[in-house]
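Colleague: The following comprises the amino acid sequence and a computationally predicted model.
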Number of protein chains: 2
Amino acid sequence: MTTRIVLAAQGTGAVGAGDRGLNYGDGVFETIKIHGAAPVWWDAHWARLVRGSDALGIPRPDAGVAYDAARMACSHRPRGVLKLVLTRGEGGRGYAPPANAEPTLVVSVHDAPARAPDPLIVRWCDMRLAIQPRLAGHKHLNRLEQVLARGEWQDDSAFEGLMLDMDGRVVCATAANLFVRHDGRWTTPRVSRCGVAGVMRAWCMQALAAGEADLLPADVEAAETLFLCNAVRGILPVHRLGTRRWPADADVVALRRRLAAFEPAFA
Amino acid sequence: MTTRIVLAAQGTGAVGAGDRGLNYGDGVFETIKIHGAAPVWWDAHWARLVRGSDALGIPRPDAGVAYDAARMACSHRPRGVLKLVLTRGEGGRGYAPPANAEPTLVVSVHDAPARAPDPLIVRWCDMRLAIQPRLAGHKHLNRLEQVLARGEWQDDSAFEGLMLDMDGRVVCATAANLFVRHDGRWTTPRVSRCGVAGVMRAWCMQALAAGEADLLPADVEAAETLFLCNAVRGILPVHRLGTRRWPADADVVALRRRLAAFEPAFA
């Protein structure tokens, strides 16, 4: 098996028009913080890409080959975002996955996003997440639900939107996981029916001894405090959701300090 | 608004690594029969692409521009398959759809598929379709469910697989719609929760005065007869599903004759 590796600086690079990533979203991706010209938490990101590509039956290049490509892409970037897209490669027309797929790995670098407002405002999205346990947890390329949810507002009235699943349970923000505290106990929504098992979510779960829970919108609004997190932005305290406001919270401040001490890229 | 048009012969052509079609499946597609070096049922295919891109908020080139590109792509192909992929174009990193998206239209031509066995064998797929009314009916680029379903068998033991939705209702085959007859009356599964509203499905519904119905697997197995259909292969009678067999059916033979008379490309 050979992997076609595409190294793409912002706005450059190309994949074949017959690539299954384009035609079917047949692949997975990772979005990784760059700090000091190196990918942050590479091992955790690669491990998730391994789980996702195994679930889809997509072959991968050796971890070392991918890491070398990632390091090369980051090498002149003090900070920014590294993106990996792994697809099943070229595959003719038709859904049947080729028996001997030769995957494509796109490694691209991007500017760091503008700093998030701190603390920030979130809203509820109308667009819901379909329940699909076979794809849940993985960061696959079928992301129309997130695109439509994030398209519900264009102004600065909110930084992120919270999404419910088709049964009305809260799952996540469009590009971040969610943690809430009730009676001093932290929980985060399950990602076994839909949603993405974030790398930063895993760190926060361990740091907070947080459990997974089924949460309804009213549970979120009744929380003592809440935050969003992802592996590019770290931990983002939420200040307002609709008319509900939360003051700065000592636990969240302490968690951010702990993250910064553990990984200076998030300082 | 400008559309980037990529004309791709089989195995050639490229799209940018930052295209939202690749990164999020943010687009729609059409698969069109080529007959006599021209696209068959262009108007119906374009109308569906319009509905899908409107639902996603993706701008389009003028119909005339797309038609000219399609005609050019087909011009030296007596028969084959024309594929259109319309994406939201390049869009940086992040789910938010750009306010001024410049879409990409990939127009590619492919060999006609090998003739389907006649009559043919189908099977049940384990992979289920998630219920997502906001995307249902449209031929969008988020097709991992179909890829995983079609990957459930690699041999010639079946030509197609029938898929259920998450609630256990029969929806379609991986790349075809389904019609069944009970007590002389034809029905086809609804596509308002998931599934694709096929161009050939629309023709068959009208030709048979068929209604939409909720069908369970037992209803399909109890049918007097059944067929699959799509706009590349036409009407495909089903001979066997598991241990259930059906003989050739006079109604289906007559429907195929009627289709061939209406549109000689399907003769």
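Modeller: Sure thing, it's come through.

Colleague: Enumerate the beta-bridge partners assigned to the closest residue to residue A:215 other than its chain neighbours.
Modeller: Excluding the flanking residues, the one nearest residue A:215 by Cβ to Cβ, 6 or more residues apart in numbering or on different chains is residue A:170, at 4.5 Å. From N, CA and C alone the C-beta is placed, and that goes for glycine too. Following DSSP bridges, residue A:170 is listed with bridge partners residue A:164.

Colleague: Now do the same contact list for residue A:170.
Modeller: Contacts for residue A:170 (Cβ atoms under 8 Å, 6 or more residues apart in numbering or on different chains) come out as A:162, A:163, A:164, A:178, A:189, A:215, A:216, A:217, A:219, A:220.

Colleague: Closest one of the residues you listed to chain B?
Modeller: Comparing those against chain B with Cβ to the nearest Cβ picks out residue A:163 as the nearest, at 11.0 Å.

Colleague: mind checking pLDDT for the closest one?
Modeller: With respect to pLDDT, residue A:163 scores 98.

Colleague: Next: the one 10 residues further on.
Modeller: Residue A:173 carries a pLDDT score of 98 in this model.

Colleague: Is there a neighbour count for it? I'd like the number.
Modeller: Here the count is done by other Cβ atoms under 10 Å in any protein chain shown, and residue A:173 has 26 residues near it.

Colleague: do residue A:67 as well
Modeller: Per other Cβ under 10 Å, the neighbour tally for residue A:67 reads 15.

Colleague: Count the residues that sit near residue A:245.
Modeller: By other Cβ under 10 Å, 11 other residues sit near residue A:245.

Colleague: The residue nearest to residue A:82 when sequence neighbours are not counted in helix, strand or coil?
Modeller: Nearest residue to residue A:82, sequence neighbours excluded (Cβ to Cβ, 6+ apart): residue A:32, at 4.4 Å. Three-state assignment for residue A:32 (DSSP: H, G, I helix; E, B strand; the rest coil): strand.

Colleague: for chain A, which spans come out with low pLDDT?
Modeller: Regions of chain A meeting the criterion pLDDT under 70 cover residues A:10-11, A:92-93.

Colleague: so how far is residue A:3 from the closest residue to residue A:223 other than its chain neighbours?
Modeller: Leaving aside its sequence neighbours, residue A:223 sits nearest to residue A:180 (Cβ to Cβ, 6+ apart; 3.9 Å). Plainly put, residue A:180 is 40 Å away from residue A:3 if you go by Cβ to Cβ, to the nearest Å.

Colleague: These two - which one has more neighbours?
Modeller: Using other Cβ under 10 Å as the criterion, residue A:180 and residue A:3 rank with residue A:180 on top: 23 against 18.

Colleague: My guess is that one contacts residue A:214. True?
Modeller: No. Counting by Cβ atoms under 8 Å, residue A:180 does not reach residue A:214; the two are 11.9 Å apart.

Colleague: that older thread, separation between the residue nearest to residue A:215 and chain B?
Modeller: 18 Å (Cβ to the nearest Cβ, to the nearest Å).

Colleague: any idea how far residue B:259 is from that residue?
Modeller: Distance from residue A:170 to residue B:259, by Cβ to Cβ: 49 Å.

Colleague: Contact residues of the stretch 151-267 of chain A facing chain B?
Modeller: By Cβ under 8 Å from any Cβ of the partner chain, the part of the stretch 151-267 of chain A that sits against chain B consists of A:151, A:154, A:166, A:174, A:175, A:194.

Colleague: try 10 Å
Modeller: Proximity of the stretch 151-267 of chain A to chain B, by Cβ under 10 Å from any Cβ of the partner chain, involves residues A:151, A:152, A:153, A:154, A:161, A:166, A:174, A:175, A:193, A:194, A:232.

Colleague: Excluding covalently adjacent residues, which one is nearest to the first one?
Modeller: Distance criterion Cβ to Cβ, 6+ apart; nearest residue to residue A:151, sequence neighbours excluded, is residue B:97 at 4.6 Å.

Colleague: Could you grab the helix/strand/coil label for the one you found?
Modeller: Following three-state DSSP, the label given to residue B:97 is coil.

Colleague: Going by secondary structure, residue A:70 is in what exactly?
Modeller: helix A:63-74 (DSSP states H and E).

Colleague: Then residue A:257?
Modeller: Per DSSP H and E, residue A:257 falls inside helix A:250-262.
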